[in-house]
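Enquirer: The following comprises the amino acid sequence and a computationally predicted model.
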Amino acid sequence: QVQLVESGGGLVQPGGSLRLSCAASGFTLDYYAIGWFRQAPGKEREGVSCISSSDGSTYYADSVKGRFTISGDNAKNTVYLQMNSLKPGDTAVYYCAASRVGCLSNLNKYDYWGQGTQVTVSS
């Protein structure tokens with residue numbers, strides 16, 4: 001069964017950190033780009049970061065550059081999103097998704113999606 005499972009979300013104060021995990025089962029991440037997306041209430045889902053399977057290139061939205069870091073562990077078939085200096089504006093449900101065609105902004109190009117994990121940044 002093909003599955004992506006996110007974990008690591010929670011409530012954190014502004015300036016705090018969280019590390020999200022995206023664990024894949026039923027397929028190997030070696031051949032997939034993995035993107036992290038987020039969706040806040042009343043807003044469209046937006047891309048946050050992505051890591052390419054072909055060369056390990058990483059991409060970040062301007063809003064998270066310098067604060068978030070994406071990384072992968074192929075041995076564990078897991079991708080991580082380290083989030084530092086969190087702001088209230090980062091509050092959203094975070095999703096990971098897998099794409100065979102690379103890191104693209106078009107959500108329709110992603111083959112598999114996780115169920116999401118809630119991140120709330122509040123004092």
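Expert: The structure has been received and is ready for your questions. Here the structure is a predicted model, which means the values were calculated and not measured.

Enquirer: Do you know the pLDDT at the spatially most central residue of the chain?
Expert: By C-alpha atoms, centre = their mean, the mean C-alpha position of the chain lies nearest to residue 36, the distance being 2.4 Å. The per-residue pLDDT reported for residue 36 equals 98.

Enquirer: Mind telling me what element it is part of?
Expert: Taking DSSP states H and E as the definition, one finds residue 36 inside strand 33-39.

Enquirer: which helices and strands does that strand pack with?
Expert: Strand 33-39 sits against strand 18-25, strand 46-51, strand 68-73, strand 78-83, strand 92-99, with contacts defined as 3 or more C-beta pairs under 8 Å, 6 or more residues apart in numbering; DSSP states H and E. C-beta here means a position set from N, CA and C on the backbone, and glycine is covered the same way.

Enquirer: Pull the residues that contact it.
Expert: If you take C-beta atoms under 8 Å, 6 or more residues apart in numbering as the criterion, strand 33-39 is touched by 20, 22, 45-54, 70, 72, 79, 81, 90, 92-104, 107, 110, 116, 119.

Enquirer: Report the buried residues of that strand.
Expert: Judged by neighbour count (16 or more other C-beta atoms under 10 Å), strand 33-39 contains these buried residues: 33, 34, 35, 36, 37, 38.

Enquirer: do stretch 58-75 as well
Expert: Using 16+ other C-beta under 10 Å as the test for burial, stretch 58-75 gives 59, 60, 61, 64, 68, 70, 72.

Enquirer: Number of residues surrounding residue 122?
Expert: 10 (other C-beta atoms under 10 Å).
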